[in-house]
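*Asks:* Take this sequence and fold it.
(chains A and B)
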Amino acid sequence: MQTKLIVVRVAVWAVVSLIGMAGFPSAMAQTSVVAVVVNEKNPVKNVSTPELRKLFAGEKHFWSGGLSVRLFVRAPGAYERVVLLRLLSMSESEYKQYWTAQVFRGEAQTEPVALFSNGMQKEALAVYPGAVALVSFQDVKPGMKVVKVDGHLPEEAGYPLN
Amino acid sequence: MRYNRAAIILLLVASPSHAQDTARSEREMIQQLVQQVKALQEKVEALESQQRASAPSNTDATSQSVSTPTPQAADNNAQPAALIQELHGLRGIQWRGFGEVDYKVLNQRTPELGTYGFVPGSSGNFYTGDFDLLLTARIDDKASVLSEIAIGEGDAQSYNIDLERMLFNYDYNDHLRMSFGRYQTAIGYYNTAFHSSTWFPTTADRPLLMEFSDNGGVLPTNAVGLSFTGSIPSGKLGLNYIAEYGSSDTIRPDLNGQTLTDENNGNHINIGLFARPDSIPGLQIGGSIYHDRISDFAKGPDVRLGQMIVNGHVVYIRHGIEFLGEGFLLRHAYEHRSTAYDTPAFYSQISKQFHRTRPFFRYQYINADVGGILDDVDLRYGPSFGVRYDFNDSIALKIQLDHTVRKGEPDLNGLHMQLVFKF
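*Replies:* Residues are numbered from 1 along each chain as shown, chains lettered A, B, ... in the order given. Predicted coordinates:
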């Protein structure tokens, strides 16, 4: 009787583990999608990956409608920061050096504002019509407009910011 | 006793009925509150729909626009945003500083500008190079001011202040960005990428070709005038242009520091094109053509010559790799004569970051035509190699060894150690 009980428990544990292992990657994938969000008044619908790279590298200063781009990024340690560095193919120190140089060259007026939470990013987006930020898709809140990247929305197949 | 029993019975009968009444009144109150909440929700929805109808329909139907913030929400957001502005210095003047302390050893017998470090009777020397202050201020979304003030060390610990750059910038759009004031000429890549600070370059010094003209450099590195730049619609090619028009009047000392030559430059024009292709982030390929007219007082007070400087460059900076390659051809053609003097020059530099350490190698070459105005430079070439170690994001140490072959003079060997910092 006791042996049967142990066998049943082991079987239950194995099934649960298998389900967990199968489910874990999809859960990770869901949490690791990062959305490109802008102010609701910004008419932009879609950006390409190279355009996004130029935006966050400070090489593109204006949106197509003429709005001045305002960059907001997450402070080091946030997942959005990792995705940003991956997009720019830079390490953290290269990123800092790059932006110091951009300001020094007069290519940018200021370095991108680094914020400590997605809530602060939301507030910044609401105030600046030209604001753009990267936000974990699960943290997208009312007041944020999600922009397609390469024609794909977050969670769609082919979306590049995973 | 009878009265007491009666009172207890009355109380027992009365209390459930009182409890029932209380529960009923609470239920009624809850129902009333629910009705009030529903009524308020309907009012809010009506107000939101009115606001949506009055707002311009600029939201994207295909993208996920979640909702429009209410005016009250916008007011609530204004305060944190103002705080964000204050915290991150989006308003007001921003200061940045760059400094260096150098120690240089040369087996030099005759002093030269551009090599620093020479003190007759000693083999090595300390100096502080340039102490750079960068001031920037945003006036509005399109206008800003940039100023770079360098405090440089002269002879015997004397210091002079130089306004390296003072620019009023106005960005009309991505295709037209204008600057007015004193700028560093966009002849090639190096001059506008690194400006006056030694923090940004990997090496401890500038290639001789790119040395500032007041240190014996051969290029007109600074000018006062107008500068226009912007992107050219070119798809994945990522083309950009630079156009400059201004006065680059330069007084250039000979490399031996004994004679000063006022080139009396006329207004210059400089046109440049460069591409940053989408397919290879970090790559820049470009070139520029610069032209002005200068004087050669050594040959006569009215002798003028046309100065043309052609540049081509390839730069790749990404994945910890830095490659800089620039080639130049300087042509000085005397007016009313058929004589022209060509000076070909190039430098090439490669480095790779390994954690905090970045070893580098540079090779430079310049060959000034004999009889021209760059006679003192003549033929020079040689390698430099060394390492840059970044202690953190703000402090670095560079150690560099140089070997320069000079025509008609002994080869020059040097050790250069440089502590650089930014704040």
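*Asks:* Looking at B:Gly217 now. What's its pLDDT?
*Replies:* If you check B:Gly217, the pLDDT there is 86.
*Asks:* ok, the residue lying closest to it once chain neighbours are set aside to A:Gly106 distance?
*Replies:* If the residues on either side of it in the chain are set aside, B:Gly217 comes closest to B:Glu211, at 3.4 Å by CB to CB, 6 or more residues apart in numbering or on different chains. Placement of C-beta: from N, CA and C, glycine included. Using CB to CB, to the nearest Å, B:Glu211 is found at 22 Å from A:Gly106.
*Asks:* between these two, who's got more neighbours?
*Replies:* A:Gly106 (24 against 19; other CB atoms under 10 Å in any protein chain shown).
*Asks:* where are the low-confidence patches of chain A?
*Replies:* Chain A contains residues with pLDDT under 70 at A:1-31.
*Asks:* Show me how the record splits it into domains.
*Replies:* Split into domains by automatic domain parsing, chain A comes to A:1-31, A:33-149.
*Asks:* now those domains as a markdown table including distance to B:Arg358?
*Replies:* Shown next, in a markdown table, are the domains of chain A (distance: least, CB to CB, whole Å):
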| stretch | distance to B:Arg358 |
| --- | --- |
| domain A:1-31 | 35 |
| domain A:33-149 | 11 |
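*Asks:* Among those domains, show me which one is buried the most.
*Replies:* domain A:33-149 (a mean of 20; mean count of other CB atoms under 10 Å in any protein chain shown).
*Asks:* ends of that one, how far apart?
*Replies:* Start-to-end span of domain A:33-149 (CA to CA, to the nearest Å) is 12 Å.
*Asks:* And stretch A:88-95, by the same measure?
*Replies:* 8 Å.
*Asks:* And the strands in chain A, which stretches?
*Replies:* With DSSP state E as the criterion, chain A has strands at A:34-38, A:46-47, A:70-74, A:113-115, A:131-136, A:145-149.
*Asks:* Let me know the average pLDDT across the helix or strand hosting B:Ser384.
*Replies:* Assigning secondary structure by DSSP states H and E places B:Ser384 in strand B:379-390. The average pLDDT for strand B:379-390 rounds to 96.
*Asks:* Could I get the buried residue list for the helix or strand following that strand?
*Replies:* As assigned by DSSP H and E, the chain's next helix or strand after strand B:379-390 is strand B:395-406. Within strand B:395-406, the residues scored as buried using 16 or more other CB atoms under 10 Å in any protein chain shown are B:Ala396, B:Lys398, B:Gln400, B:Asp402, B:Thr404, B:Arg406.
*Asks:* Just confirm the last one contacts B:Leu412, I think it does.
*Replies:* Yes - the criterion here is CB atoms under 8 Å, and B:Arg406 meets it with B:Leu412 at 6.2 Å.
*Asks:* Tell me the predicted confidence for B:Leu329.
*Replies:* At B:Leu329, the model reports a pLDDT of 97.
*Asks:* need the contact list for the nearest residue to it once chain neighbours are set aside.
*Replies:* Nearest residue to B:Leu329, sequence neighbours excluded (CB to CB, 6+ apart): B:Val310, at 4.7 Å. Contacts for B:Val310 (CB atoms under 8 Å, 6 or more residues apart in numbering or on different chains) come out as B:Gly287, B:Ser288, B:Ile289, B:Tyr290, B:Phe328, B:Leu329, B:Arg331.
*Asks:* just curious, which of those residues is nearest to chain A?
*Replies:* Using CB to the nearest CB, B:Ser288 is the member of those that lies nearest chain A, at 15.9 Å.
*Asks:* follow-up on the earlier one: can you redo the strands of chain A as JSON lines with distance to chain B?
*Replies:* JSON lines is the format used below for the strands of chain A (distance: least, CB to the nearest CB, whole Å):
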{"stretch": "strand A:34-38", "distance to chain B": "8"}
{"stretch": "strand A:46-47", "distance to chain B": "8"}
{"stretch": "strand A:70-74", "distance to chain B": "8"}
{"stretch": "strand A:113-115", "distance to chain B": "4"}
{"stretch": "strand A:131-136", "distance to chain B": "10"}
{"stretch": "strand A:145-149", "distance to chain B": "4"}
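*Asks:* need the helices for chain A, in chain order.
*Replies:* Secondary structure of chain A (DSSP state H): helices located at A:2-31, A:49-56, A:79-88, A:92-105, A:118-127.
*Asks:* The spatially most central residue of chain A pairs with what?
*Replies:* Closest residue to the average C-alpha location of chain A: A:Val34 at 3.2 Å, with CA atoms, centre = their mean. Beta-bridge pairing for A:Val34 (DSSP bridges): A:Ser136.
*Asks:* Would you check how far apart it and A:Glu123 are?
*Replies:* Relative to A:Glu123, and taking CB to CB, A:Val34 is found at 19 Å.
*Asks:* Next: B:Gly97.
*Replies:* Distance from B:Gly97 to A:Glu123, by CB to CB: 31 Å.
*Asks:* pLDDT at B:Thr221, what is it?
*Replies:* 90.
*Asks:* quick one, phi psi at it?
*Replies:* Dihedral pair for B:Thr221: phi -80, psi -20, per degrees, to the nearest 10.
*Asks:* Pull up the residues of the stretch 301-423 of chain B that are close to chain A.
*Replies:* Within reach of chain A by CB under 8 Å from any CB of the partner chain, the stretch 301-423 of chain B has these residues: B:Arg318, B:His319, B:Gly320, B:Gln353, B:Asp390, B:Asp393, B:Lys422.
*Asks:* pretty sure B:Asn267 is touching B:Tyr290, no?
*Replies:* No - with contact defined as CB under 8 Å, B:Asn267 does not reach B:Tyr290; the gap is 11.7 Å.
*Asks:* Which of those two has more residues huddled nearby?
*Replies:* Of the pair B:Asn267 and B:Tyr290, B:Tyr290 is the one with more neighbours under other CB under 10 Å, namely 25 against 15.
*Asks:* Isn't that one up against B:Thr221?
*Replies:* No - B:Tyr290 lies out of contact with B:Thr221 (CB under 8 Å); the separation is 11.2 Å.
*Asks:* overlap in contacts of those two?
*Replies:* B:Thr185, B:Ile187.
*Asks:* picking up where we left off before, biggest separation within the contacts of B:Val310, which pair?
*Replies:* The span of the contacts of B:Val310, defined through CB to CB, is set by B:Gly287 and B:Arg331 at 15.0 Å.
*Asks:* what separates B:Leu415 from chain A, distance-wise?
*Replies:* 26 Å (CB to the nearest CB, to the nearest Å).
*Asks:* Report the spatially closest residue to that residue, excluding sequence-adjacent ones.
*Replies:* Using CB to CB, 6+ apart, the closest residue to B:Leu415 is B:Val105 (4.5 Å).
*Asks:* check contacts around that neighbour.
*Replies:* B:Gly117, B:Ser123, B:Gly124, B:Asn125, B:Gly414, B:Leu415, B:His416.
*Asks:* wait, which of the residues you listed is closest to B:Arg206?
*Replies:* B:His416 (11.8 Å).
*Asks:* For the closest one, give me its contacts.
*Replies:* B:102-105, B:117, B:204-205, B:386, B:398-402.
*Asks:* Of those, which one scores lowest on pLDDT?
*Replies:* Within those, pLDDT is lowest for B:Gly117, at 50.
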